[in-house]
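> this is a predicted model, with the sequence first.
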Amino acid sequence: MAEAELLTKLDTYLAAGVHIGTQQRDDSMRGFIYNIRPDGLSVFNLQLIDSRIKVAAKMIAQYPKEQVLIVSARDSAKKAVDKFAEATGCKSVSDRFMPGSLTNPAYKEYMEPKLLLTTDPNLDTSAVREAMLNRMPIIAFCDTNTNIANIDLVVPGNNKGRKAVALIWYLLTREVLRARGELAADAEPQFTIEDFTAAQPTADELKKRPERDDRKKSFKGGRSSSSSRPNSKSRKKER
């Protein structure tokens, strides 16, 4: 795939670290992995990331905006998820997802969406479980340590790093608007990637944060060595 066919410049993807997975690999995600670095970190196939964002955008655009729910418990995705909801008119739950929100009609904040999006199904387990009970399609950003057995459309990639998460949500938002015809195919939105990017956490916040990223600390800012750069050949897995 030529760079001109990508949703953004190759260097933008690489700088954000979208393609860098973890040292843990679930068997169900192996088809999305291009390589494993000497330090044990997985490297995603960038073509698959890019193509799955396009597919996800077209799928989301088929639903009325009020029928799409985004759930994300990850701190690094809160700003991005809320911006996606603001720009697209969909509903987001970027704090705690209350059990019963999709299954208990007596609950005061009961919702009946038709499509669920999640930044990390490993964290958003309650929402995924309730969506499954309702036979609701699920689109999920999935890292290498994600079991995708219950996911209808996998968008592979780094779903933990704040820059990677911001870039994926930014591109998905833009492509949803284009797919709906609300933004011309060759036009850029008024919002920017920075509008989706969480602030750098302070040292105190990092100590209090329960979630941990198992990428090595030597990996800074998402920039990769030449061994992390995917080649042009695609190893496609349909799910």
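Noted; the coordinates are in hand. Numbering: from 1, shown residues only.

> tell me what the residue nearest to residue 33 when sequence neighbours are not counted is bridged to.
Closest residue in space to residue 33, ignoring its immediate chain neighbours: residue 42 at 5.0 Å, by C-beta to C-beta, 6 or more residues apart in numbering. For glycine as for every other residue, the C-beta is placed from the backbone atoms N, C-alpha and C. Here residue 42 sits in beta bridges with residue 36, going by DSSP bridges.

> may I ask you to name the longest helix in this structure?
Looking across the chain with DSSP state H, the single longest helix is helix 162-180.

> tell me which strands and helices that helix is in contact with?
Applying 3 or more C-beta pairs under 8 Å, 6 or more residues apart in numbering; DSSP states H and E, one finds that helix 162-180 makes contact with helix 10-16, helix 46-61, helix 78-88.

> helix 46-61 and that one, what's the angle between them?
Calculated by axes from the mean of the first three to the mean of the last three C-alpha atoms, to 10 degrees, helix 162-180 forms an angle of 50 degrees with helix 46-61.

> quick check: mean pLDDT across helix 162-180?
Looking at helix 162-180 alone, the average pLDDT works out to 97.

> stretch 16-32 now?
For stretch 16-32, mean pLDDT rounds to 94.

> residue 100 is nearest to which of the helices and strands packed on helix 162-180?
Shortest distance between residue 100 and the helices and strands packed on helix 162-180, using C-beta to C-beta, is found for helix 78-88: 20.7 Å.

> so residue 23: helix, strand or coil?
The three-state assignment at residue 23 reads coil, by DSSP: H, G, I helix; E, B strand; the rest coil.

> burial count for the nearest residue in space to it that is not next to it in sequence?
Closest residue in space to residue 23, ignoring its immediate chain neighbours: residue 40 at 4.3 Å, by C-beta to C-beta, 6+ apart. As a burial measure, residue 40 scores 13 neighbours (other C-beta atoms under 10 Å).

> what about residue 40, which helix or strand?
Assigned by DSSP states H and E, residue 40 belongs to neither a helix nor a strand.

> from residue 30, how far out is it?
Distance, residue 40 to residue 30, using C-beta to C-beta, to the nearest Å: 15 Å.

> same question for residue 175.
26 Å.

> which of the two has more neighbours?
Legend: neighbour count by other C-beta under 10 Å for residue 175 and residue 30, higher for residue 175 (21 against 12).

> list the contacts of that one.
7, 53-54, 56-58 (C-beta atoms under 8 Å, 6 or more residues apart in numbering).

> 6 Å - rerun?
By C-beta atoms under 6 Å, 6 or more residues apart in numbering, residue 175 lies in contact with residue 57.

> dihedrals phi and psi, the most centrally placed residue in the chain?
For the chain, the residue nearest the mean C-alpha position is residue 141 (3.5 Å; C-alpha atoms, centre = their mean). Backbone torsions for residue 141, taken as degrees, to the nearest 10, come to phi -80, psi 120.
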